[in-house]
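J.: okay, here's the prediction I keep looking at, along with the sequence it came from:
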Protein chains: 4
Amino acid sequence: MQHNDFMPNEFITHHTVRMHDTDMAGIIFFASQFRFAHDAWEDLMAEMGFDFDTLFTKETFAFVIVHAEADYLKSLKAGDNLKIAVAIERIGETSFTVYYKIYKSDELVGTARTVHVTVDRASRKKIAIPKRLKSSLEKHAALRT
Amino acid sequence: MQHNDFMPNEFITHHTVRMHDTDMAGIIFFASQFRFAHDAWEDLMAEMGFDFDTLFTKETFAFVIVHAEADYLKSLKAGDNLKIAVAIERIGETSFTVYYKIYKSDELVGTARTVHVTVDRASRKKIAIPKRLKSSLEKHAALRT
Amino acid sequence: MQHNDFMPNEFITHHTVRMHDTDMAGIIFFASQFRFAHDAWEDLMAEMGFDFDTLFTKETFAFVIVHAEADYLKSLKAGDNLKIAVAIERIGETSFTVYYKIYKSDELVGTARTVHVTVDRASRKKIAIPKRLKSSLEKHAALRT
Amino acid sequence: MQHNDFMPNEFITHHTVRMHDTDMAGIIFFASQFRFAHDAWEDLMAEMGFDFDTLFTKETFAFVIVHAEADYLKSLKAGDNLKIAVAIERIGETSFTVYYKIYKSDELVGTARTVHVTVDRASRKKIAIPKRLKSSLEKHAALRT
């Protein structure tokens, strides 16, 4: 996985690692990192003006995640303060890819990527990314350097 | 909390403690025990003939949990094989209480209790427990000994 | 459960409800509220100067939760911004009780309570609350009004 | 991602989708699928004779997950009964890859892959996969067809 250096369109959010994010091995359970990433995506959606209540009950479209992946560069522990940078890596016709870089004290400690397909809420069939969403995503498109 | 010895109406299910149920202290994170209990309640609902897809999308009523509590008698570790006994402790007009006893090799290691209110799906207002549900709950009413 | 109005020793922290905190019923899964509470307790521990790495690997004592309970006053949804007030409700010889009040826009939406026993790390036997911890807890003791 | 058809060395385990695995969108939260996969891996470890208590407290080696990925082919709901097939896809010098296929009624509904590095417990440095583990992994090596 190539680590895109996305600047200046990235969106920044923060997370403190919690005890329930860890397991008996003393470090975070690997699936927790996907929650950190999705929390950041939810923050970005809010920043783009998508209200959850509206998004999941009134919009005609919905997102479905069809792929997710993560790399773990450093073990993370409860109490660690993380900075998460999010950017849109790819915008296709009916899907887009969100990319996440996780930092602890400016050291890259993990990355993640989620691929989202836009579907019609009623029929659950793939649809083109709605214009309003597409223009929001474009504002956070990763700039490859 | 009094440990009701409910026999013979109790419903029995099983759970293996997973790594993600534990935290850095090496034992289960306390909230995990509530998941074990609710998993058992879901198994009991299925056994009573309540299909989730129907229950949460087509029924006119819904449940809302208004209280939950748990006692922790022994520390539980990943790999522990648990037996969970479930019974209905109380059936009121608009609410009922589910009681859970968790065993490891026939030793009681924890208990839990959840109080559920029945509400109208549309208005979200309290309603009397529907008859079909009430008769199912009665079949699993705890017998105090 | 009596809602103690604890002022001015309470500790305040914040939480945004996440999609993974919810379930198919559209509101938070009841066990999530216990995670919100424990997150707030972790923030308070940090504020009292207890570093996790030290606490769980170098201290001679440990905490074990022996009881937990919660009341749910309002349904919570993804995106809800919560304020959590934490205070120490009771300090005993070998145990203490932490009490949590959860607010959404200044409305009390839920409460929780956790009972912690202090044990010797090695023997896992109950011990008196260590002095340094006790004096920290006393600074956050709830004042009943 | 290529779907390896591994027969006959695959290990089979089962999982019922729970309410807490779902979110407000009505289907499983994407990170839950990684928990299903890891649960299956834990069952396979148990079957290979690795006891958790020993593995995480007495062995000289440990595993660290350095990469994880999943594909989502069908939306999964609470109550769904899943069959999970696990096999070792690759055995390297200091790492191995576990591959998971998730079925609902014999339809492939999802896949996952986790890459594990073996490290020395004390130094946390990479070490060659211990012989006993390697021979266990080889018994469950995926046969590509």
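T.: In hand now; what should we look at? It should be emphasised that the depicted structure is a prediction, and the values quoted were computed from it without experimental measurement. Numbering: from 1, shown residues only, chains lettered A, B, ... in the order given.

J.: for the rest of this, base every contact and every neighbour count on C-alpha atoms.
T.: Fine.

J.: stretch A:61-68 near chain C at all?
T.: No: with CA under 8 Å from any CA of the partner chain as the measure, stretch A:61-68 is seen stopping short of chain C, the closest distance being 13.0 Å.

J.: what lies in contact with that stretch?
T.: Residues outside stretch A:61-68 that contact it (CA atoms under 8 Å, 6 or more residues apart in numbering or on different chains): A:55-56, A:112-121, A:130, D:30, D:69-73.

J.: residue of chain A nearest chain D, please.
T.: A:Glu69 (4.0 Å; CA to the nearest CA).

J.: please pick the buried ones from the contacts of stretch A:61-68.
T.: In those, burial by neighbour count holds for A:55-56, A:112-119, A:121, D:30, D:69-72, counting by 16 or more other CA atoms under 10 Å in any protein chain shown.

J.: so which of those residues belong to helices?
T.: A:Leu55, A:Phe56 (DSSP state H).

J.: circling back to that earlier point, am I right that the residue of chain A closest to chain D is in contact with A:Thr114?
T.: Yes: applying CA atoms under 8 Å, one finds A:Glu69 in contact with A:Thr114, separated by 6.7 Å.

J.: student question: in chain A, what's the helix or strand with minimum average pLDDT?
T.: helix A:52-57 (a mean of 74; mean pLDDT, DSSP states H and E).

J.: neighbouring contacts of that helix?
T.: Contacts of helix A:52-57 from elsewhere in the structure, counted by CA under 8 Å, 6+ apart, are A:Ala46, A:Ala62, C:Lys77, C:Ala78, C:Gly79, D:Met24, D:Ala25.

J.: against chain C, how distant is the most centrally placed residue in chain A?
T.: Centrality entry for chain A: nearest residue to the mean C-alpha point is A:Trp41, 3.9 Å, by CA atoms, centre = their mean. The span separating A:Trp41 from chain C equals 10 Å under the rule CA to the nearest CA, to the nearest Å.

J.: wait, isn't that residue in contact with A:Ile84?
T.: No: contact criterion CA under 8 Å: A:Trp41 and A:Ile84 do not qualify, at 9.7 Å.

J.: ok, the residue in chain A sticking out farthest from the centre - contacts?
T.: Computed with CA atoms, centre = their mean, the maximum C-alpha offset from the centroid of chain A is found at A:Met24, amounting to 26.5 Å. Residues near A:Met24 by CA under 8 Å, 6+ apart: B:Met19, B:Thr22, B:Asp23, B:Met24, B:Ala25, B:Gly26, B:Ile27, D:Phe56.

J.: skip the chain neighbours and tell me the closest residue to it.
T.: B:Gly26 (4.2 Å; CA to CA, 6 or more residues apart in numbering or on different chains).

J.: can you get me a residue count around that neighbour?
T.: The local packing count at B:Gly26 equals 22, with neighbours defined by other CA atoms under 10 Å in any protein chain shown.

J.: for it, which three-state class applies?
T.: For B:Gly26, the secondary-structure state derived from DSSP: H, G, I helix; E, B strand; the rest coil is coil.

J.: list the contacts for it?
T.: Applying CA under 8 Å, 6+ apart as the definition, the contact partners of B:Gly26 turn out to be A:Asp23, A:Met24, A:Ala25, A:Gly26, B:Lys77.
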